[in-house]
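Novice: Please work out how this folds:
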Amino acid sequence: MFDEIIENSKNEIIETVCDLIKFPSVSDETENSTYPFGEECNNILNYILDLGKSMGFRTKNIDGYCGYIEFGEGTELVGIIGHLDVVPAYIEDGWTTPPFSPNIRDGKIFGRGAIDDKGPVVAALYAMKAIKETVNVSKRIRLILGLNEEKSWKCINYYKAHEESPSIGFSPDANFPAIYAEKGIMSVELKNNFYIKDYDILEVNCNNNALNVVPKYCSIKLRKRYNSCSNLKPIQNIKLTEKDDILFIESFGISAHAAHPELGNNAIKTLVNYLINNFEFDTSYLKTLYEIGLFDIQSPKFMSDKILEDESGILTSNIGFLNYINNKLIIRINLRVPVTINLDTIFSKYTNLNSLFSNLEVHKLATQDPLFVDKNNYLVKTLVNIFNKKTQQNLEAIAIGGGTYARAFSNCISFGATMPNDKDMCHQVDEFVEIDKLILSGKIYAEAIYELSK
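Specialist: Numbering: from 1, shown residues only. Next comes the predicted model:
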């Protein structure tokens, strides 16, 4: 009964998604009490809250950390939890059009955040509008909007400390038909002394790549201690620049979401491999790490003699950050851990590396416990059935390596908006959302919200 309203709102939906894409809302963790995640995140939050208010919803800005848009009455709260922040993007990355200048072509909206998560947030908002204009509901429906999802989740933690948690809900930030399991997530840092024979290391740079992104660029700047030709040769994805005693090595890869490292080409791994094959080191540190499988993208061999895997998938690893400070090489890793494997057990595999190297520092940067809900759970079955009915399919809930706000609340799972068998465009160059599928998502969300609000 909501399809016609959403279909008639198609142009508004497109316009709103485009407006949101124009905000380069990369979360910037600041000490500013007015906008703790930077001015652009503050601006986009105010924009969508003003839009919600103009549509007749109740809205609230929660101290600049997050906000919500709400309607309905009752003691129970149904939550739709999305985010407005995005991972960085630059035209130099290979975008066909500037990432924060929305472009419509071939029935798609291109721009950073189109599918992760601005487009789905808008689809959910207009689904709420269709319900509000059509029926009365016996629960409150609240669209919760985070600003720090791509980094450390400070926004949603602040929300939980100051606001009411939903009794049931979903996050429109993954895949259809529904997600019953999300792997555990852990970020680890290794730090140790590192020297290249006959060279001074001046700089290592990966453009502050986000850990949840496969790095597309990494470089190292060296100074030769002796003024002689290096006799190095470039190879595929490696560029060399020599001037006087300075040697500049650049590595180029393909970005992807860290939950799917196999879809990318890691520029850090390519650079490390080049260094190992062309330089001598004063210690075996980097070469040994490479040989024992630290840079493997699936079930690194130093962890176990068997594949680390369960029904939620295989353990994956993304070397997402490389730096060099005070003669120490800093390596940061983002792991997606199958739901039945303990995160502390995996961290111990890294601390055990101390036996191989003197002065190795190992730090746990962040963790997120896995989400696992039985496939026969009411929420899972309800959402899957709604999707199958709207699309005339017969699919089952799936597990993913990505992490969504669903795991921040009990009785909540992720639900859409990427359609089955579609390429995951999250964190990708030329990120897009197909307009017809976005409209379909809105129709699915309307049915789901209505059903959960009964």
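Novice: List the buried residues for stretch 133-141?
Specialist: Under the neighbour-count criterion of 16 or more other C-beta atoms under 10 Å, stretch 133-141 has 137, 139-141 buried. Every C-beta, even on glycine, is put in place using the N, C-alpha and C of the backbone.
Novice: what's the answer for stretch 54-70, then?
Specialist: If you call a residue buried by 16+ other C-beta under 10 Å, then stretch 54-70 has these buried ones: 55, 57, 59, 62, 64-70.
Novice: tell me which residues form a beta bridge with the closest residue to residue 323 other than its chain neighbours?
Specialist: Distances taken as C-beta to C-beta, 6 or more residues apart in numbering put residue 330 closest to residue 323, at 4.4 Å, once the chain neighbours are dropped. Beta-bridge pairing of residue 330, defined through DSSP bridges, involves residue 191, residue 323.
Novice: The buried residues of stretch 133-141 into a markdown table, with extra columns for pLDDT and distance to residue 385?
Specialist: Putting these into a markdown table (pLDDT from 0 to 100; distance: C-beta to C-beta, whole Å) gives the following:
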| residue | pLDDT | distance to residue 385 |
| --- | --- | --- |
| 137 | 93 | 19 |
| 139 | 97 | 19 |
| 140 | 98 | 24 |
| 141 | 98 | 20 |
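Novice: Among the residues you listed, which pair sits farthest apart?
Specialist: Within the buried residues of stretch 133-141, two members stand farthest from each other by C-beta to C-beta: 137 and 140, at 8.1 Å.
Novice: residues shared between the contacts of the two?
Specialist: Residues touching both residue 137 and residue 140 (C-beta atoms under 8 Å, 6 or more residues apart in numbering) are 71-74.
Novice: could you check the distance from residue 221 over to residue 146?
Specialist: 37 Å (C-beta to C-beta, to the nearest Å).
Novice: quick revisit: test my guess that the residue nearest to residue 323 contacts residue 189.
Specialist: Yes. Using C-beta atoms under 8 Å, residue 330 is in contact with residue 189, at 6.6 Å.
Novice: Just the pLDDT at residue 18, thanks.
Specialist: Note for residue 18: predicted pLDDT of 98.
Novice: likewise residue 229?
Specialist: 63.
Novice: Leaving out sequence neighbours, find the closest residue to residue 405.
Specialist: Nearest one to residue 405, counting by C-beta to C-beta, 6+ apart, is residue 81 at 4.1 Å.
Novice: Starting from the strand or helix carrying that neighbour, tell me the next helix or strand along the chain.
Specialist: Applying DSSP states H and E as the criterion places residue 81 in strand 77-83. Sequence-wise, the next helix or strand downstream of strand 77-83 (DSSP H and E) is strand 103-105.
Novice: Mind listing residues that contact that next one?
Specialist: Identification of contacts with strand 103-105 by C-beta under 8 Å, 6+ apart yields 14, 18, 96-97, 109-111, 435.
Novice: With stretch 385-397 instead?
Specialist: 176-180, 375, 380, 383-384, 413, 415-416, 420, 440, 443-444, 447-448, 451.
Novice: One more: stretch 293-302?
Specialist: Under C-beta under 8 Å, 6+ apart, the answer for stretch 293-302 is 190, 261-262, 266, 268-269, 272-273, 289, 292, 303, 307-309, 314-319, 331, 333, 349, 353.
Novice: Return the subset of these lying in strands.
Specialist: Those of the contacts of stretch 293-302 mapping onto strands are 190, 309, 314, 316-319, 331, 333, per DSSP state E.
Novice: Only whichever of these are buried, select them in PyMOL.
Specialist: In PyMOL syntax, the buried subset of those is picked out as below (16+ other C-beta under 10 Å):
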select buried, resi 190+314+316+317+318+319+331+333
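Novice: Go through stretch 138-158 and flag the buried ones.
Specialist: For stretch 138-158, by 16+ other C-beta under 10 Å, it's 139-151, 153-156, 158.
Novice: roughly how far is it from the heart of the chain?
Specialist: Chain-centre distance of stretch 138-158: 15 Å, with C-alpha atoms, centre = their mean, to the nearest Å.
Novice: can you tell me the distance between the two ends of that stretch?
Specialist: End-to-end span of stretch 138-158 (C-alpha to C-alpha, to the nearest Å): 27 Å.
Novice: So what's the residue count around residue 382?
Specialist: By the criterion of other C-beta atoms under 10 Å, residue 382 has 17 neighbours.
Novice: So for it, what's the pLDDT?
Specialist: Note on residue 382: pLDDT of 98.
Novice: With just CA atoms, put the helix or strand it falls within into PDB.
Specialist: Using DSSP H and E, residue 382 sits within helix 378-391. Provided in PDB are the C-alpha atoms of helix 378-391 (Å, rounded to 0.1, in the frame of the first residue of the first chain):
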ATOM      1  CA  TYR A 378      11.400 -13.600  14.300                       C
ATOM      2  CA  LEU A 379      13.200 -10.600  13.100                       C
ATOM      3  CA  VAL A 380      15.300 -12.500  10.500                       C
ATOM      4  CA  LYS A 381      12.400 -14.500   9.200                       C
ATOM      5  CA  THR A 382      10.100 -11.400   9.000                       C
ATOM      6  CA  LEU A 383      12.600  -9.300   7.000                       C
ATOM      7  CA  VAL A 384      13.600 -12.100   4.700                       C
ATOM      8  CA  ASN A 385       9.900 -13.000   4.000                       C
ATOM      9  CA  ILE A 386       9.200  -9.300   3.200                       C
ATOM     10  CA  PHE A 387      12.100  -9.100   0.800                       C
ATOM     11  CA  ASN A 388      11.200 -12.400  -0.900                       C
ATOM     12  CA  LYS A 389       7.500 -11.300  -1.300                       C
ATOM     13  CA  LYS A 390       8.400  -7.900  -2.700                       C
ATOM     14  CA  THR A 391      11.000  -9.400  -5.200                       C
END
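Novice: Which positions in that helix come out as buried?
Specialist: For helix 378-391, a neighbour-count test (16+ other C-beta under 10 Å) marks 379-384, 386-388, 390-391 as buried.
Novice: next one: stretch 359-369
Specialist: Result for stretch 359-369 [16+ other C-beta under 10 Å]: buried residues 360, 362, 367-368.
Novice: Need the max-distance pair from those.
Specialist: Across the buried residues of stretch 359-369, the longest distance by C-beta to C-beta is 24.9 Å; it joins 360 and 368.
Novice: what's the first-to-last distance across stretch 139-150?
Specialist: One end of stretch 139-150 sits 30 Å from the other (C-alpha to C-alpha).
Novice: who's in contact with residue 201?
Specialist: Counting by C-beta under 8 Å, 6+ apart, residue 201 touches 194-195, 220-222, 324, 327.
Novice: now with 10 Å?
Specialist: With contacts defined as C-beta atoms under 10 Å, 6 or more residues apart in numbering, the neighbours of residue 201 are 194-195, 220-223, 324, 327, 329.
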